[in-house]
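1. Can you look at this prediction? I've put the sequence above it.
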Amino acid sequence: MEDWLRHVFLVTMRWLHIVCTTLIVGGTLFFEFVLPLAIEDLKRESQLAVFGKARWVFKQVVWVSAILLLLSGATTMMRLLDTYHQPSYHSTLPWALAHIGGGILALGIALMLTTRRRPPDHAVGWLRINLALLLLVILAAEITRHIRLTVRERDAAMIRDTVQKPLDSTPRDGAKGDD
């Protein structure tokens, strides 16, 4: 694959991952904070009708987002797998695995909340658990990325210092070195 096409593909996968995460987190926040306030003045039957319709629409968003998150995440993981096996990057692997495992669990909870014919008992509690889990998954992703970039910068600085040292030890201004 051409380099420019590979770069566009990888950036698109990262963008899809961020957009789909935003849709799921935003939908969860909507169900937790916005929808209850918006329907509180309605009769019970109307509340259930509005909640049911919103849940039906959100189910479609969750399914599409879940599929795209798994595809984009797998693409990124395959790209970074060799990096995680390098000794200087070993500290990122537990955070990456926490991100992956927590993300799959959060997607499972979101699917459970939206795909059943009736919402599960204590749906609000499940929403709150899932929101907290989603935020922790995002934190794990950011910690993974931060460590990976910090290690890369540190390694690049060490290489730069190694290359510059021999240059700094050469005589300047035509002066003779120690013979």
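-> Yes, it's here.
2. Name the residues of stretch 114-127 that are buried.
-> In terms of neighbour count (16 or more other Cβ atoms under 10 Å), stretch 114-127 has its buried residues at 114, 119, 123, 126-127. Just so you know, the C-beta spots here come from the backbone N, C-alpha and C atoms, and that holds for glycine as well.
3. Residues contacting the host helix or strand of residue 102, please?
-> Assigned by DSSP states H and E, residue 102 falls within helix 93-115. With Cβ atoms under 8 Å, 6 or more residues apart in numbering as the contact definition, helix 93-115 has outside contacts at 24, 28, 55, 58-59, 62-63, 66, 69-70, 73, 77, 80, 84, 119-120, 123, 126-127, 129-130, 133-134, 136-137, 140-141, 143-144, 147.
4. mind checking the longest helix of the protein?
-> Counting by DSSP state H, the longest helix found in the chain is helix 123-168.
5. Could you give the average pLDDT over that helix?
-> Helix 123-168 shows a mean pLDDT of 89.
6. Next, the angle from that helix to helix 93-115.
-> Relative orientation of helix 123-168 versus helix 93-115 (axes from the mean of the first three to the mean of the last three Cα atoms, to 10 degrees): 150 degrees.
7. thinking again about what came up before, filter the contacts of helix 93-115 down to the buried ones.
-> The neighbour count (16+ other Cβ under 10 Å) marks 24, 28, 55, 58-59, 62, 66, 69, 73, 80, 84, 119, 123, 126-127, 130, 133-134, 137, 140-141, 143-144, 147 as buried among the contacts of helix 93-115.
8. And the pLDDT for residue 85?
-> pLDDT recorded at residue 85 is 86.
9. Can you tell me how far it is from residue 58?
-> Using Cβ to Cβ, to the nearest Å, residue 85 is found at 38 Å from residue 58.
10. contacting residues for the nearest residue to residue 151 once chain neighbours are set aside?
-> Ranked by Cβ to Cβ, 6 or more residues apart in numbering and with sequence neighbours excluded, the top spatial neighbour of residue 151 is residue 88, at 5.2 Å. By Cβ under 8 Å, 6+ apart, the residues touching residue 88 are 151, 154-155.
11. quick one: which of those has the most company?
-> Counting neighbours by other Cβ atoms under 10 Å, residue 151 comes out on top of the contacts of residue 88 with 17 neighbours.
12. Distance check, it against residue 92.
-> Distance, residue 151 to residue 92, using Cβ to Cβ: 7 Å.
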